[in-house]
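**Student:** Turn this into a model:
(2 chains)
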Amino acid sequence: MGFPLTGMTLKNMVSKPVTKRYPFEPQVYTELTRGHIHNDMEKCILCGICEKTCPAVALAVNKEAGTWTIDRYSCVQCMACVRNCPPRSQSLSMKPEYAPAVVSMSAETFTKPTEAN
Amino acid sequence: MADRTVIPFGPQHPVLPEPVHLDLVIEDEKVIEAIPQVGFIHRGLEKLVEKRDYKSFVYITERICGICAFGHSLGYSETIEALMAVEVPPRALFLRVIWHELSRIHSHLLWMGCLADGFGYENLFMQCWRLRERVLDIFERTTGGRVIFSAVNVGGVNHDISNEDLRGIVTILEDMKDEYQVLLKTFLLDKSVLSRLKGVGVLTKEKAVEYGVVGPFVRASGIPDDIRNFGYGGYGYLEDFEPVVSDDCDGHARCMVRAREVLQSIDIIKEMVSKIPDGEIMTKVKGSPADGSKAVSRLEQPRGESFYYAKGNGTKFLERFRIRTPTSINIPGMVFALQGCDLADVPLNILTIDPCISCTER
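**Tutor:** Numbering: from 1, shown residues only, chains lettered A, B, ... in the order given. Next comes the predicted model:
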């Protein structure tokens, strides 16, 4: 009986806050943190495996137009596409920081640079 | 006889993180009957198995519920592995147990915080969640996610943890243990905790068997029912496993069982880290489940026994997938425990079974 938490409570009165003063203190990400998907369009071979493996149907690949589209609002950051990206391409990667904020809900489209460019 | 009144409780209520509705039939501040209603967040995830192939579906199972995420992906993977007779490498089995026990620690600490908040002990609530944050940090460092891990896949695990990092995890948990002892002492001995939980929501041993309740709910009624006893997956490598049991049958006993299970999980992780073998972490799975093949698996989630069933049809899409979650079994027991309690004890009574409505409705 009694109040066993008293010691911890008194200690808290003189110790620093546990929470971080974000955004004044920057957030530290780990190497594995799943932030957002990045596609290196130079390396991408537009094989379409990522589109097939995406459980959230967030990706669309158009081989003729040479575009790779991601709907960041559907993406669940499961990394299925990154894991299944074929070894001869390895263009997809997961970046630890979050994707920048946008003002309208739309899919992002990336175009593969052609050799003429 | 006083007049009877019906008081609606939920689906939005400060103590409920998730929506469940109860019609409480009240007589003089005493609950005579509680009529539950679920179905506010049904998403039809079991039906989705027909539209996503069996390898992608693991990402959907772990999104059934945020707190039981790891357990569901583990249960699904084990079922598919049984369906297709896949041998999982031993290192993957060990890593699965380590993550599963870490998620048990984070789930129990979250629940203990919610309970403390439920009876108005804000300070205790924050201390529980402060400790839980360290476990979430371990998750972020080892899997990349804090709540949804995407760590388990059919055939093994997606990420390896180096032996050095595993020893680091044990050190963090050891440091946590000292602070946790203070919280444990508070939950077990503090006067205000005892006065709110002692004798609340009694479910006797006989009634617990009759209603078939599972998890810490049944262990607090004196029945050592724990699927980890059967040594599924990596639990077979444990030297000895003894479930935490209490004979008090009330809300405080359920709190005690969960609080002690955190320490037990830390010991299991320590044992697993000391025994973990080196080697592969993933077996490549090829082909599809055979037509008409069926498999079941059971595992001990933080809230109790979960049951998984899968049926193949020869294609990469499953014919049927079904989960029976612990809360759906515990609700009848909770409704019984609510009968005859004070209206003021209803929120605590509901909290002590640790309801997870997202799991229940899927």
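
**Student:** name the helices or strands packed onto the top helix by length along chain A?
**Tutor:** Scanning chain A for the longest helix, with DSSP state H as the assignment, gives helix A:6-14. Applying 3 or more CB pairs under 8 Å, 6 or more residues apart in numbering or on different chains; DSSP states H and E, one finds that helix A:6-14 contacts helix B:163-189. All C-beta spots, glycine's among them, are computed from the backbone N, C-alpha and C.

**Student:** again, only this time at 6 Å
**Tutor:** Of the remaining helices and strands, none touches helix A:6-14 by 3 or more CB pairs under 6 Å, 6 or more residues apart in numbering or on different chains; DSSP states H and E.

**Student:** Give me the buried positions along the worst-scoring helix or strand of chain A on mean pLDDT.
**Tutor:** Between all helices and strands in chain A, the lowest mean by mean pLDDT, DSSP states H and E belongs to strand A:108-111, at a mean of 82. Buried positions in strand A:108-111, judged by neighbour count with 16 or more other CB atoms under 10 Å in any protein chain shown: none.

**Student:** Okay, now the sheet partners of that strand, with direction.
**Tutor:** When pairing is defined by DSSP bridges, strand A:108-111 lines up against strand A:67-70 (antiparallel).

**Student:** List the buried residues for the strand it pairs with?
**Tutor:** A:68, A:69, A:70.

**Student:** Same check on stretch A:47-55?
**Tutor:** Of the residues in stretch A:47-55, those buried (16+ other CB under 10 Å) are A:47, A:49, A:50, A:51, A:53, A:54, A:55.

**Student:** And the contacts of that stretch?
**Tutor:** Contacts with stretch A:47-55, where a contact means CB atoms under 6 Å, 6 or more residues apart in numbering or on different chains, come from A:59, A:61, A:80, A:81, A:84, B:52, B:56, B:59, B:60.

**Student:** dump the residue contacts of the third one.
**Tutor:** Yep, that's residue A:80 we're talking about. residue A:53.

**Student:** From residue B:57, how far out is it?
**Tutor:** According to CB to CB, to the nearest Å, residue A:80 stands 11 Å off from residue B:57.

**Student:** and if you look at the fifth one?
**Tutor:** As judged by CB to CB, residue A:84 and residue B:57 stand 15 Å apart.

**Student:** Show me which of those two is the more surrounded one.
**Tutor:** residue B:57 (24 against 15; other CB atoms under 10 Å in any protein chain shown).

**Student:** residue contacts, the closest residue to that one other than its chain neighbours?
**Tutor:** In space, and not counting its chain neighbours, residue B:57 is closest to residue B:49: 5.7 Å by CB to CB, 6 or more residues apart in numbering or on different chains. Each residue near residue B:49 by CB under 6 Å, 6+ apart is listed here: B:57, B:318, B:321.

**Student:** Tell me the confidence at residue B:49?
**Tutor:** Note for residue B:49: predicted pLDDT of 85.

**Student:** Equivalent analysis for residue B:166, please.
**Tutor:** For residue B:166, the model assigns a pLDDT of 90.

**Student:** one step back: include pLDDT and secondary structure when you put the contacts of stretch A:47-55 into JSON lines, please.
**Tutor:** Formatted as JSON lines, these follow (pLDDT from 0 to 100; DSSP: H, G, I helix; E, B strand; the rest coil):
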{"residue": "A:59", "pLDDT": "89", "secondary structure": "strand"}
{"residue": "A:61", "pLDDT": "89", "secondary structure": "strand"}
{"residue": "A:80", "pLDDT": "88", "secondary structure": "helix"}
{"residue": "A:81", "pLDDT": "89", "secondary structure": "helix"}
{"residue": "A:84", "pLDDT": "87", "secondary structure": "helix"}
{"residue": "B:52", "pLDDT": "84", "secondary structure": "coil"}
{"residue": "B:56", "pLDDT": "86", "secondary structure": "coil"}
{"residue": "B:59", "pLDDT": "89", "secondary structure": "helix"}
{"residue": "B:60", "pLDDT": "88", "secondary structure": "helix"}
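
**Student:** got the residues of the stretch 101-250 of chain B near chain A?
**Tutor:** For the stretch 101-250 of chain B, the residues in contact with chain A (CB under 6 Å from any CB of the partner chain) are B:123, B:130, B:140-141, B:144-145, B:150, B:182, B:185-186, B:189-191.

**Student:** May I see the buried residues of stretch A:47-55 arranged in a markdown table, with pLDDT and distance to residue A:36 as well?
**Tutor:** Listed next are these as a markdown table, based on pLDDT from 0 to 100; distance: CB to CB, whole Å:
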| residue | pLDDT | distance to residue A:36 |
| --- | --- | --- |
| A:47 | 87 | 21 |
| A:49 | 88 | 19 |
| A:50 | 88 | 14 |
| A:51 | 88 | 17 |
| A:53 | 87 | 17 |
| A:54 | 89 | 14 |
| A:55 | 88 | 17 |
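
**Student:** Closest to residue B:42 out of the residues you listed?
**Tutor:** The shortest approach to residue B:42 among the buried residues of stretch A:47-55 belongs to residue A:55, at 19.6 Å (CB to CB).

**Student:** How about the secondary structure of residue B:103?
**Tutor:** Recorded secondary structure, residue B:103: helix (DSSP: H, G, I helix; E, B strand; the rest coil).

**Student:** I figured it was touching residue B:69, is that so?
**Tutor:** No: with contact defined as CB atoms under 6 Å, residue B:103 does not reach residue B:69; the gap is 7.3 Å.

**Student:** Contacts for the helix or strand containing residue B:260, please.
**Tutor:** Secondary structure assignment for residue B:260, by DSSP states H and E: helix B:251-275. Contact partners of helix B:251-275, identified using CB under 6 Å, 6+ apart, comprise B:94, B:97-98, B:101, B:104-105, B:108, B:166, B:170, B:173, B:184, B:187, B:197-198, B:200-201, B:216, B:219-220, B:244, B:246, B:352.

**Student:** Report the buried residues of that helix.
**Tutor:** B:251-266, B:268-273.

**Student:** How far does the next helix or strand after that helix sit from its chain's centre?
**Tutor:** Remark: after helix B:251-275, the chain's next helix or strand is strand B:294-301, criterion DSSP H and E. Distance of strand B:294-301 from its chain centroid, counting by CA atoms, centre = their mean, to the nearest Å, is 14 Å.

**Student:** do you know how far the spatially most central residue of chain B is from residue B:215?
**Tutor:** Centroid-nearest residue in chain B, with CA atoms, centre = their mean: residue B:302, separated by 2.5 Å. Note on residue B:302: its distance to residue B:215, by CB to CB, is 8 Å.

**Student:** repeat for residue B:167
**Tutor:** 31 Å.

**Student:** now residue B:80
**Tutor:** Taking CB to CB, one finds residue B:80 at 24 Å from residue B:215.

**Student:** Can you show me the helices along chain B?
**Tutor:** Going by DSSP H, chain B shows helices at B:57-61, B:69-83, B:90-118, B:122-143, B:163-189, B:191-197, B:205-211, B:216-219, B:251-275, B:326-338, B:346-352, B:357-361.

**Student:** low pLDDT regions in chain B?
**Tutor:** B:1-2 (pLDDT under 70).
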